[in-house]
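1. the sequence and its predicted three-dimensional model are supplied below.
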2 protein chains.
Amino acid sequence: MKTSRGAKTIVYPTPVFIVGTYDDAGKPNLMAAAWGGICCSRPPCVSVSLRKATYTYGNIVTRGAFTVNIASEQYVKEADYVGLVSGRDVDKFAAAGLTPVKSELVDAPYVAEFPMALECKLLHTLEIGLHTLFVGEILDIKADADVFDADGKLSVQKVRPILWAPDDGGYYGVGEYLGPAFEIGKAIKGK
Amino acid sequence: MKTSRGAKTIVYPTPVFIVGTYDDAGKPNLMAAAWGGICCSRPPCVSVSLRKATYTYGNIVTRGAFTVNIASEQYVKEADYVGLVSGRDVDKFAAAGLTPVKSELVDAPYVAEFPMALECKLLHTLEIGLHTLFVGEILDIKADADVFDADGKLSVQKVRPILWAPDDGGYYGVGEYLGPAFEIGKAIKGK
């Protein structure tokens, strides 16, 4: 017997996407977005949902591009910080001690210090309500050499991403390995 | 200096949403969807992106509703299983030993054994490419009494959700607490 928690925005896990953009004047900006995720395999796309009030919203509309940066655990303070202040008032890269790298593929910067970044071209805009959902086509992923495994794939245990827990209110790391996807369910399939 | 990983669908963390629907005949079905996340705060909405080829796709279009169930770690095999087979061929609830509960709010079933479920009414449909993004308005969240904390909020450490790591290929649990959101970045803000 389940209890109601109400009509709330709670799912687990929720990501902490650090969205990189340029403003009109070319100043690089960052914000933290928890509403988003991969939304298509072909073309490869990721969505982020933002309020119109954010500085990043206007930057994405103007530039037609953004990056999704994944902060590692050691940068949890910086990831939180870029969600606390507005790029209208502050140069968040400078304040957080982070380095913008201009993408060669899209008109947006990514974070040198974070282990990986998705370079995205704006493809769709869907007005939902308080938030607008932006769909970006992923043109490339850039990652540090030390987060690849021996097979040339990215390793979540090397990236050590942050996740946010709505309602709960905390940031968490990635935990124990539970098993291989598209494999461990075969025990039931074979029954 | 970062290296290219190509135009791929990799972000961390990625959820394992177990999507519950009814088919034309009223048979309850489940599938695993990794592409999705909260996409609006007002109205509270969650998105899931599905291929047209899935049985769930037609069910959502016909019924205009779905649930997003969060499996706990102990159900990782069941979560994987429902992504391996089609509801066209199998009664996945029965095969996995799971119990469908008819939502009183939307025309979709949720999973009795999983700790929490979002009851969603279809609000928007966005064709992107191989995947179609469905936006569902969250009408309520139902959760087991033992995943609430003392303040009446949901606790991620009690829910113990599964996350999937694209490229890496594994399922993982939620790890170490890293600090309070909207708080630990204030150390930088105050500088």
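-> On my side now, so go ahead. In this text the structure is predicted, and so the values were computed from the model without any measurement. Numbers count the residues shown, from 1 in each chain, chains lettered A, B, ... in the order given.
2. strands paired with the helix or strand harbouring residue A:66, and their directions?
-> Residue A:66 belongs to strand A:65-70 when assigned by DSSP states H and E. Partner strands for strand A:65-70, per DSSP bridges, with pairing direction: strand A:17-22 (antiparallel), strand A:116-127 (antiparallel).
3. who's in contact with residue A:130?
-> Contacts for residue A:130 (Cβ atoms under 8 Å, 6 or more residues apart in numbering or on different chains) come out as A:51, B:40-42. Every C-beta, even on glycine, is put in place using the N, C-alpha and C of the backbone.
4. ok, back up a step: pLDDT averaged over the strand holding residue A:66, what's the number?
-> Across strand A:65-70, pLDDT averages out at 98.
5. what's the following helix or strand after it?
-> helix A:76-81.
6. coming back round to it: what subset of the contacts of residue A:130 is buried?
-> The neighbour count (16 or more other Cβ atoms under 10 Å in any protein chain shown) marks A:51, B:40-41 as buried among the contacts of residue A:130.
7. so can I have TSV of those showing distance to residue B:20?
-> Below are those laid out as TSV (distance: Cβ to Cβ, whole Å):
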residue	distance to residue B:20
A:51	30
B:40	21
B:41	23
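8. what's the angle from the longest helix seen in chain A to strand A:65-70?
-> Taking DSSP state H as the criterion, chain A has its longest helix at helix A:55-63. Angle, helix A:55-63 to strand A:65-70, by axes from the mean of the first three to the mean of the last three Cα atoms, to 10 degrees: 140 degrees.
9. tell me the one of the contacts of residue A:130 nearest residue A:14?
-> Each of these was checked against residue A:14 using Cβ to Cβ; the closest is residue B:41, at 12.4 Å.
10. check contacts around residue A:46.
-> Contacts of residue A:46 (Cβ under 8 Å, 6+ apart): A:36-39, A:68, A:118, A:120, A:135-136, A:138, B:9, B:11.
11. 10 Å - rerun?
-> If you count contacts by Cβ atoms under 10 Å, 6 or more residues apart in numbering or on different chains, residue A:46 has them with A:15, A:17, A:36-40, A:66, A:68, A:118, A:120, A:123, A:134-138, B:9-11, B:35, B:37.
12. restricted to buried residues, select those in PyMOL.
-> Buried subset of the contacts of residue A:46, written as a PyMOL selection, criterion 16+ other Cβ under 10 Å:
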select buried, (chain A and resi 15+17+36+37+38+39+40+66+68+118+120+123+134+135+136+137+138) or (chain B and resi 9+10+11+35+37)
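13. show me where chain A has strands.
-> Under the criterion DSSP state E, chain A contains strands at A:3-6, A:14-15, A:17-22, A:28-33, A:36-40, A:45-51, A:65-70, A:100-102, A:109-111, A:116-127, A:131-143, A:163-165, A:170-180.
14. shaky segments in chain A?
-> Along chain A, segments meeting pLDDT under 70 span A:191.
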